[in-house]
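J.: From the sequence below, what's the structure:
(2 chains)
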Number of protein chains: 2
Amino acid sequence: MRIPFEQLRQEFNRVLLSLSFPPDKADRCSYIFASNSRDGVYSHGLNRFPVFVKQVKAGQVDPQAIPNAIDQNGALEIWDGHLGPGMFNATVSMNRAVELSKTNGIGCVTIRNTNHWMRGGTYGWQAADAGCIGICFTNAIAGMPAWGGIEPVLGNNPLVIAVPRKEGHVVLDMAMSQFSYGKMQEYELKKQQLPFPGGYDAQGNITHDPSAVRATKRALPAGYWKGSGLAMILDIVLVALSGGRSTEMITRSGAEYGITQCFISLYRPDLHEALIESIIQYSQNSTPVTPGRPVAYPGQNTLATRMESEKYGVLIDETMYATLLEM
Amino acid sequence: MRIPFEQLRQEFNRVLLSLSFPPDKADRCSYIFASNSRDGVYSHGLNRFPVFVKQVKAGQVDPQAIPNAIDQNGALEIWDGHLGPGMFNATVSMNRAVELSKTNGIGCVTIRNTNHWMRGGTYGWQAADAGCIGICFTNAIAGMPAWGGIEPVLGNNPLVIAVPRKEGHVVLDMAMSQFSYGKMQEYELKKQQLPFPGGYDAQGNITHDPSAVRATKRALPAGYWKGSGLAMILDIVLVALSGGRSTEMITRSGAEYGITQCFISLYRPDLHEALIESIIQYSQNSTPVTPGRPVAYPGQNTLATRMESEKYGVLIDETMYATLLEM
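T.: You can find the predicted model right below:
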């Protein structure tokens, strides 16, 4: 089923207001949830909303919290999110990083005691909309082992890099596990194998079987030791700067809240746009592996889905939407 | 064979001086080549030196060039390397980024018309030695296809992230291909298969066979579409900021010179060191997959090799060393 974006957004907004969200926060958070579904990131749009509402009711997300700077060193600021809604805190943080970069060329906000930002790409698009190159990353609850170890001790710690572009921003949004558990569940429900190895089975062998990986909780880091190292050092950078909770502390607390994030913005009034186009063209001139499916730049498929949603409405799961209407 | 670090460094220095390197550049470059061998990165130490010398003789590396800032916007500076030695230019650039961060909290130098920095990790260690969190990345000649395409259009574009730590810095140094061609050649010479898939064979199947990948030039990006997207966007960020040469332009020129790099430094006088230790401990408390081989943090093995080299001498290939002595 497809429904208009604004209709979906208003339903989110109604529920958030009923949960005592101040109007500005309800507005921003409902917009982000609706945008995530609109852009095809269903796992962090409508389908995630009930989990978010549960976290609000459990007191892990405080709708009243106002994030504030607790320390500043030039264009590097440390903020505290006071457990406010992650999407709102992340918006404020990237906005501040953009502001800092407009006067300093580069700016950084690291925020502790914040919450899940849903789709990281959102804040990359935000920076790019402001004409800036945005880089942001977050930690998360442990979901995959470090390379060489068995128990999950690393978050999937997504990294986002965005570059503004008139014809559609270039936005990379990558988690450090090869497949998210949500994605593996989708394959499992369809009784399909993963297209590439996704983790380890009970015998310790690398496997394409999503059920086996979900059972062992030994998801494979993207690029094996590479994704493992990147996930670990992003967590280290986050807490070293901010004193916030690490993946270890989040995991020991038993729930994914009170996490730590970093937002960097770079600003130059005159990016070399022709060179950006040339790089995209160069890769898209490749002979496609699958005829008729040319190489896509990061963010291209998101934009295509967005345009489809704007034309035909946002694709939604009817059961999830019924749940939303009853909230 | 093992020889003292200083002996190796002096041989490099002698050759560089004979190539009209000014003493300060010869000093820095010889130190970096010797350090790379000392730290176990043989591919970018002694074994790479003859290639570097050839590039100097071909005029692709200009020993006399002095890098300079061509544009400044606060703590974001654009430099031109004028085709000087990459290791020297990278040292100057990271040094400047560190300086900027000491007064602004964060600083960035993007440099165009520079040359290969050999081991990217070098400049991560440099930032960390100065008490800063360092992030740097470079583009390179095309060596792997973009995800979904057949011809190589992406560089392996290494990304380095370093965090200072008294007991040994945490330094991630990752290229975007799963295995470098140098590493694949090592397996080929030993007549071994790669431990994980490294690329595509002539039939378009993913393979562990290093010879097959070296023949097709279809190396696999780390994490498949993830490493592909990351390599592409790093190239975009580099040239969008600096107007420097992209992987496309480097590749079309037929030789890997005149490349583009970015150096970011973050400085806070009081990093949360206990939290860094805690993250490392948490991962190292994992049950090892291979008994007796605990999880390593990024940079740990480098440091272990360095300490071994300092105690017993730097491990060198005798043939390569004989070549050096004859230069």
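J.: what's the span of stretch A:248-258 from first residue to last?
T.: Terminal residues of stretch A:248-258 are spaced 12 Å apart (Cα to Cα, to the nearest Å).
J.: same check, this time on stretch A:174-188
T.: For stretch A:174-188, the first-to-last residue distance is 22 Å (Cα to Cα).
J.: Also stretch A:251-265?
T.: One end of stretch A:251-265 to the other measures 29 Å (Cα to Cα).
J.: And for stretch A:249-260?
T.: Start and end residues of stretch A:249-260 are separated by 11 Å (Cα to Cα).
J.: I'd like the mean pLDDT over that stretch, please.
T.: For stretch A:249-260, the mean per-residue pLDDT is 97.
J.: Pull out the buried positions in that stretch.
T.: For stretch A:249-260, a neighbour-count test (16 or more other Cβ atoms under 10 Å in any protein chain shown) marks A:249-251, A:256-260 as buried. From N, CA and C alone the C-beta is placed, and that goes for glycine too.
J.: which ones among those are found in strands?
T.: Those of the buried residues of stretch A:249-260 mapping onto strands are A:259-260, per DSSP state E.
J.: Quick check: the farthest pair among the buried residues of stretch A:249-260?
T.: Spatial extent of these (Cβ to Cβ) is set by the pair A:Thr251 and A:Thr260 at 13.1 Å.
J.: residues in the stretch 1-150 of chain A within reach of chain B, list them.
T.: Within the stretch 1-150 of chain A, the residues that sit near chain B (Cβ under 8 Å from any Cβ of the partner chain) are A:72-78, A:101, A:103-108, A:133, A:145-150.
J.: which ones among these are found in strands?
T.: Secondary structure from DSSP E places A:72-73, A:76-78, A:106-108, A:133, A:145 of these in strands.
J.: Make a PyMOL selection of whichever of those residues turn out to be buried.
T.: With 16+ other Cβ under 10 Å as the criterion, this PyMOL line picks the buried residues out of these:
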select buried, chain A and resi 73+76+77+78+106+107+108+133+145
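J.: I'd like to know which of the ones in strands among the residues of the stretch 1-150 of chain A next to chain B is nearest to chain B.
T.: Comparing these against chain B with Cβ to the nearest Cβ picks out A:Leu76 as the nearest, at 2.8 Å.
J.: Tell me the spacing between that closest one and B:Cys262.
T.: Computed as Cβ to Cβ, to the nearest Å, the A:Leu76 to B:Cys262 distance reads 17 Å.
J.: Also A:Tyr282?
T.: Distance, A:Tyr282 to B:Cys262, using Cβ to Cβ: 20 Å.
J.: Which strand residues bridge A:Ser265?
T.: Using DSSP bridges, the bridge partners assigned to A:Ser265 are A:Gly107, A:Gly134.
J.: so it makes contact with A:Ile133?
T.: Yes. Between A:Ser265 and A:Ile133 a contact is recorded at 7.0 Å, counting by Cβ atoms under 8 Å.
J.: Give the intersection of the neighbour lists for those two.
T.: Counting by Cβ atoms under 8 Å, 6 or more residues apart in numbering or on different chains, the shared contacts of A:Ser265 and A:Ile133 are A:Ala127.
J.: Identify the residue nearest A:Ser43 in space, chain neighbours excluded?
T.: Among residues not flanking A:Ser43 along the chain, A:Gly182 sits closest, at 4.6 Å (Cβ to Cβ, 6 or more residues apart in numbering or on different chains).
J.: quick one, phi psi at the one you found?
T.: Dihedral pair for A:Gly182: phi -60, psi -40, per degrees, to the nearest 10.
J.: Do I have it right that A:Gln60 meets A:Tyr257?
T.: Yes. Contact criterion Cβ under 8 Å: A:Gln60 and A:Tyr257 qualify, at 3.8 Å.
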